[in-house]
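A.B. asks: Give me a model of this one.
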Amino acid sequence: MNWERLSGSHVVDLIRNWRDMWNNRIMPKLRSMELVAGPGIRLNKGPSGVVISAVPISSTRHGSSPVSPLWQVSVSDDGFLVVSGGWINRNGLEVIWYAGATISPQTGTLCICTEPIDNAGKWSDISLKLITPNPCAYPIAKITCQGEEVTIEQYPVTVAMIFRSKLCPIARM
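C.D. replies: The predicted model follows:
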């Protein structure tokens with residue numbers, strides 16, 4: 001095909017052919033595929049696609065390490081949100097945060113938060129906040145509160161990635 005002489009109508013035809021192939025051949029095959037999840041993962045097929053969520057799994061590791069490969073949020077008997085431990089990558093350095101953190105439930109996005117405090121590579125303590133996600137606040141769940149009912153939409157997060165950078169002064173030249 002001579003790309004230099006490709007007209008607008010040819011582009012429209014290419015897109016239409018690709019869309020037809022996608023809708024008529026690929027999507028039926030994707031819908032018929034059997035999806036299998038490992039421990040701690042739940043797959044729900046719905047009309048709009050597949051929803052992937054985390055399922056709490058039991059562990060014999062009491063407080064000495066994260067309880068699962070995924071961050072998990074649950075509601076305790078006294079009404080607080082309990083967040084399992086997990087892994088955090090802060091500018092390429094691995095940090096393991098241990099289970100047991102709690103926060104009062106409110107509607108919002110639950111994030112793991114930490115930020116650099118100086119140029120020597122020191123970071124603030126890791127905390128939980130119900131805020132809008134940003135480079136220093138990694139979302140792990142969406143919380144919805146209606147009266148006494150707390151709904152947790154768990155995001156399948158294995159590692160909370162928090163990166164902060166600045167434009168290199170040499171690159172500005």
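A.B. asks: Tell me how far the closest residue to residue 162 other than its chain neighbours lies from residue 73.
C.D. replies: With C-beta to C-beta, 6 or more residues apart in numbering as the criterion, residue 162 has its nearest non-adjacent residue at 5.1 Å, and that residue is residue 90. Quick note: C-beta positions are derived from backbone N, CA and C, even for glycine. Per C-beta to C-beta, to the nearest Å, residue 90 is found 21 Å from residue 73.
A.B. asks: What of residue 154?
C.D. replies: Taking C-beta to C-beta as the measure, residue 154 falls 6 Å from residue 73.
A.B. asks: pLDDT score for residue 95?
C.D. replies: Looking at residue 95, its pLDDT stands at 83.
A.B. asks: try the one 3 residues further on
C.D. replies: Here, the pLDDT recorded for residue 98 equals 73.
A.B. asks: And residue 15, by the same measure?
C.D. replies: The per-residue pLDDT reported for residue 15 equals 82.
A.B. asks: Looks to me like it is in a strand.
C.D. replies: No: according to DSSP: H, G, I helix; E, B strand; the rest coil, residue 15 belongs to no strand; its state is helix.
A.B. asks: how close does residue 88 get to residue 128?
C.D. replies: In terms of C-beta to C-beta, residue 88 sits 12 Å off from residue 128.
A.B. asks: joint contacts of the two?
C.D. replies: Common neighbours of residue 88 and residue 128, using C-beta atoms under 8 Å, 6 or more residues apart in numbering, are residue 112.
A.B. asks: on that earlier part again, list the contacts for the residue nearest to residue 162?
C.D. replies: Residue 90 touches 114, 123, 162-163, counting by C-beta under 8 Å, 6+ apart.
A.B. asks: who touches both of residue 154 and residue 73?
C.D. replies: Common neighbours of residue 154 and residue 73 (criterion: C-beta under 8 Å, 6+ apart): 140-141.
A.B. asks: So which of these two has more stuff around it?
C.D. replies: Neighbour count, other C-beta atoms under 10 Å: between residue 154 and residue 73, residue 73 has more, with 24 against 20.
A.B. asks: Please identify the buried residues of the one helix or strand residue 88 maps to?
C.D. replies: For residue 88, the element it lies in under DSSP states H and E is strand 86-90. Residues 86-88, 90 are the ones in strand 86-90 that count as buried (16 or more other C-beta atoms under 10 Å).
A.B. asks: Provide the strand pairings for that strand, with the direction of each partner.
C.D. replies: strand 93-97 (antiparallel), strand 159-162 (parallel) (DSSP bridges).
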